[in-house]
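Visitor: Need coordinates for the following:
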Amino acid sequence: MSDENDSAAADNDMAEWANAAGPQLGQGDIDDLFGGSEAAAPEAPRRGLEALFGGAVRYERLPMLDIVVDRLARLLTSSVRKFTADNAEVVIDRTRPVRVGAFLDSVTLPAMIGVIHIEEWDGYCLATLDSRLIGSIVDILLGGRRNAVQPIEGRPYTPIERTFVEKLVSVVTQDLSKAFEAVCPATFRLERFEITPGYALITKPTAAAVTFRAEIAMEGRGGNIDFLLPYSAIEPVRDLLSQDVMGRKQGGDTIWRHHLAEELPRATVELRAVIESRTMFFSELAAWQPGSVVPLDRRQEEPVEVFCEDLLICRAHMAAKSGRVVLQVDERIVEQDWPSSRAVEKTAEDRTRLIA
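Guide: So this is what the prediction gives:
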């Protein structure tokens, strides 16, 4: 009995001490006490211009890129519905500027980062799929439509999950290629997957880029795909992406082009039939007098070149009929698609032409 009384008294003393000490410590508090968790190093203070502009990203307005993103949302909605055989809705946020390093630091793990190569532009972009989307796609494709989505935490992705995600990203890359057709032909091709953000670094961390998020919803499930396009990757088409109007054409509107095409055939032009061209000294030309004879090296059966301004039109033979000199066309020089073909360049030297 004495032992039981001593034990009860000791328990009461420990309870009174715990109440006097305050609330109990959690695991995080214990880690802080013993140094078990690594605390983030304090950021060095910024001064001067670095404090003002150090973290800023210069944003360049790209109206055509916003149109491409809207088109991508419509394409993804149709493609995801076909891929999952289920009702799906895709909504894409507007583009915003970001640093490549900041984007990779914001990736929530576990995730799969697709490194995509843009062949025509010789650049790379990223497509990051979060764990919710991966679990939803795998669950739907395996028939578990009514089961709760199992979280993917603390384990690597299985080969089956990687295969399904690779097929989904292949569909996404095809839609990216179609979305950019309005601007410039581009082929997006999946090169590899990374699960560590540091291994998905496609350019220097301080490089500027644009990012946008595609939110995919499928019967209460779904997830996000975060896209990253570095400015260095879209540099070949930056001028096209800066256009204000989609499909802007060079050369005016369609009505004016049709009117010009109808009127040009009825326009009058001046033609010159050049029998011979030669270079002469000015002293010889100044010595000409009325009645002077200039010998020609061209024979009568040789063709005569016909010019419109300085453009060679055709070659013809000269003949006489009813007291008039006529030309019979033997060879046409101007192509059917003229004036898109290149005109004949002017010669640099001064020439004297004898015109019939």
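
Visitor: C-alpha only now, for contacts and for neighbours.
Guide: Will do.

Visitor: for the helix or strand harbouring Phe103, which positions count as buried?
Guide: In this assignment (DSSP states H and E), Phe103 forms part of helix 100-105. Within helix 100-105, the residues that count as buried by 16 or more other C-alpha atoms under 10 Å are Val100, Gly101, Phe103, Leu104.

Visitor: Does the last one touch Ile195 like I think?
Guide: The one in question is Leu104. No: with contact defined as C-alpha atoms under 8 Å, Leu104 does not reach Ile195; the gap is 11.1 Å.

Visitor: so what's the nearest residue to Pro205 once chain neighbours are set aside up against?
Guide: Among residues not flanking Pro205 along the chain, Gly101 sits closest, at 4.1 Å (C-alpha to C-alpha, 6 or more residues apart in numbering). By C-alpha atoms under 8 Å, 6 or more residues apart in numbering, Gly101 lies in contact with Leu201, Lys204, Pro205, Thr206, Ala207.

Visitor: ChimeraX command to pick out the buried ones of those residues?
Guide: Buried residues among those (16+ other C-alpha under 10 Å), as a ChimeraX selection:
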select :201,207
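
Visitor: Tell me how far Thr88 lies from Ile140.
Guide: One correction, residue 88 is Ala, not Thr. Distance, Ala88 to Ile140, by C-alpha to C-alpha, to the nearest Å: 12 Å.

Visitor: Which of the two has more residues huddled nearby?
Guide: Ala88 (21 against 18; other C-alpha atoms under 10 Å).

Visitor: With adjacent residues omitted, what lies nearest to the more buried one?
Guide: Using C-alpha to C-alpha, 6+ apart and skipping residues adjacent in sequence, the residue nearest Ala88 is Met218, 4.6 Å away.

Visitor: wait, doesn't that neighbour sit right on Glu89?
Guide: Yes: counting by C-alpha under 8 Å, Glu89 is a contact partner of Met218 at 6.7 Å.

Visitor: End to end on stretch 304-323, go ahead and measure it.
Guide: From its first residue to its last, stretch 304-323 covers 19 Å (C-alpha to C-alpha).

Visitor: Show the contacting residues for Pro63.
Guide: The contact partners of Pro63, by C-alpha under 8 Å, 6+ apart, come to Leu241, Ser242, Gln243, Asp244, Val245.

Visitor: Let me know the next secondary structure element after the helix holding Phe103.
Guide: Counting by DSSP H and E, what follows helix 100-105 is strand 111-118.
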